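# Build me a model from this:
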Amino acid sequence: MVLVNEILGQIVQVDRPMTWGSLATLRPYANFLVDEDVERLKRAIDTKGVDEATIVKILGNRTLEQREQIAKNFKKQNNADLETVLAKKLSGYLENVMISLLKSPTLLDAQTLKEAMKGLGTDEDTLIEILATRSSKEIQAIKSTYKQEFQKDLEKEIVSETSGRFQKLLVALLTNQREVNSNIINYELIEEDAKSLYAVASQKKNPDFNAWIPILTERSQNHLNRVFKLYKVYSATDISETIKKEMKGDEEKGFLSLVQSIQNTPEYLADRLHNSMKSMGTKDKTLTRLLVSRCEVDLLSIRAEFRKKYGKSLYSTIQADTKGDYQTALLGLCRAEDL
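Next up, the predicted model:
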């Protein structure tokens, strides 16, 4: 016990309280005049061929709160819904960016989850990404919005589209039981959790990884990072290596993504961005959604992790992978080059 306590005492995890918007790339537009923006948007929309550059310049440089004011005043002055008008006037990837910017983060998440389960193939990567990186409060709001938007229960939909331990993991995340980070460090519980995780992994036949799920989905992020460090002391391999060795398929994908997001959320999302652009065909919906959903939260830290891991900036990667006004819109959200 003395040795364990000594090891625990040496486990250092920087608890980083995050101020909303402190790591945002998109900040409130200083000279915001809502009526002027509405007037310029109307002219840009009515111009023959549509002035896409002006639409991008306005909506891509206003925060969500400012965009909501623009949409509200546009409807009041023109008796027309801005999102509906833009959907008719724009097309392709640019349309997706501009329409996404007009949605609340909760609605965008709900619609993305619906899209991920539509058709023959379920997009497991997107399901786990959203559920693993949203707070308990955010998940509760997503569930409510999903019910309101589609008249269906999100948990039931996920159960019908997934199976096995991956399904159990998603359902556990949906119950939003995760504790918030605290300055109080419970060393006894860290030891208990690390031993519990290792006890399961060390079983020689058919380890029951269901026992991992409550720990991974209910404990706080800071607590789990300490648990993962102690787990490596017990097992001589880190928890990600255990997952890769012992699991496969959707189960492996789900547990690995969850652990990675807990260990370093910005790095995990940087990986998601990189994967959306690394092959011949860019996954534009994923690229757009990540930039739109994180530009007012923590995109600066994601950019830093992207540069550190891949040796090039997110900005230049987007620049090389996109073009036109669509490129301009995405680069505007990314904001700047990281040298």
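# For the rest of this, base every contact and every neighbour count on C-alpha atoms.
Fine.
# does Thr25 sit in a helix, a strand or a coil?
Three-state call for Thr25 (DSSP: H, G, I helix; E, B strand; the rest coil): coil.
# quick one, phi/psi of it?
Backbone torsions for Thr25, taken as degrees, to the nearest 10, come to phi -90, psi -30.
# wouldn't it be in contact with Cys334 here?
Yes - between Thr25 and Cys334 there is a contact under C-alpha atoms under 8 Å: 6.4 Å.
# Spit out the residues that contact the two alike.
The overlap between the contact sets of Thr25 and Cys334 (C-alpha atoms under 8 Å, 6 or more residues apart in numbering) consists of 295, 299.
# and Lys152, how many neighbours?
13 (other C-alpha atoms under 10 Å).
# ok, it touching Tyr146?
Yes - between Lys152 and Tyr146 there is a contact at 7.0 Å, judged by C-alpha under 8 Å.
# quick one, helices of the stretch 151-300 of the chain?
For the stretch 151-300 of the chain, applying DSSP state H, counting those that start in this stretch gives helices covering 154-161, 164-174, 187-201, 212-218, 221-235, 239-246, 249-263, 265-277, 284-294, 299-310.
# How about residues contacting whichever helix or strand comes after the last one?
When you say that, I think you mean helix 299-310. Downstream of helix 299-310, the next assigned helix or strand under DSSP states H and E is helix 314-321. Residues outside helix 314-321 that contact it (C-alpha under 8 Å, 6+ apart) are 277, 282, 303, 306-307, 327, 330-331, 334-338.
# And stretch 108-117, by the same measure?
Contacts to stretch 108-117, defined as C-alpha under 8 Å, 6+ apart, come from residues 100, 122-124, 126-127, 130, 142-143, 145-146, 158, 161.
# Return the residues in contact with the closest residue to Arg307 other than its chain neighbours.
Leaving out its chain neighbours, the residue that sits closest to Arg307 by C-alpha to C-alpha, 6 or more residues apart in numbering is Ser313, at 4.8 Å. The neighbours of Ser313, taking C-alpha under 8 Å, 6+ apart as the test, are 303, 306-307, 337-339.
# Dump these to a markdown table, plus distance to Glu191.
Listed next are those as a markdown table, based on distance: C-alpha to C-alpha, whole Å:
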| residue | distance to Glu191 |
| --- | --- |
| Arg303 | 34 |
| Phe306 | 33 |
| Arg307 | 35 |
| Glu337 | 43 |
| Asp338 | 40 |
| Leu339 | 42 |
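# Could you dump those residues into TSV and include pLDDT, neighbour count and distance to Leu82?
What follows is those, written out as TSV (pLDDT from 0 to 100; neighbours: other C-alpha atoms under 10 Å; distance: C-alpha to C-alpha, whole Å):
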residue	pLDDT	neighbour count	distance to Leu82
Arg303	97	25	31
Phe306	97	26	34
Arg307	97	18	36
Glu337	90	14	31
Asp338	86	14	34
Leu339	78	9	37
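# From these, pick the one nearest Gly60.
Gly60 has its nearest neighbour among the contacts of Ser313 in Glu337, at 17.0 Å by C-alpha to C-alpha.
# In contact with the closest one, which residues?
Applying C-alpha under 8 Å, 6+ apart, the residues contacting Glu337 are 313-316.
# Next: Thr106.
Per C-alpha under 8 Å, 6+ apart, neighbours of Thr106: 138, 141-142, 145.
# Three-state assignment for it, please.
Taking three-state DSSP as the rule, one finds Thr106 in the helix state.
# and it, what pLDDT?
Reported pLDDT at Thr106 in the predicted model: 97.
# All further residue positions should be reported with the first residue as 10.
Shifting the count to begin at 10 puts that one at Thr115.
# how close does the nearest residue to Ala150 once chain neighbours are set aside sit to Glu133?
Spatially, and ignoring its direct neighbours in sequence, Ala150 is nearest to Thr115 (6.6 Å; C-alpha to C-alpha, 6+ apart). Counting by C-alpha to C-alpha, to the nearest Å, the gap from Thr115 to Glu133 is 19 Å.
# Likewise for Thr171?
Separation of Thr171 from Glu133 (C-alpha to C-alpha) stands at 8 Å.
# between those two, who's got more neighbours?
Between Thr171 and Glu133, Glu133 has the larger neighbour count (other C-alpha under 10 Å), namely 19 against 16.
# List the contacts of Cys343.
34, 300, 304, 308, 323-324.
# Going by distance to Thr93, which of the residues you listed wins?
Ranked by distance to Thr93 (C-alpha to C-alpha), those are led by Leu300 at 22.0 Å.
# was I right about that closest one contacting Gly341?
No - when contacts are counted by C-alpha under 8 Å, Leu300 is not listed as touching Gly341 (9.8 Å).
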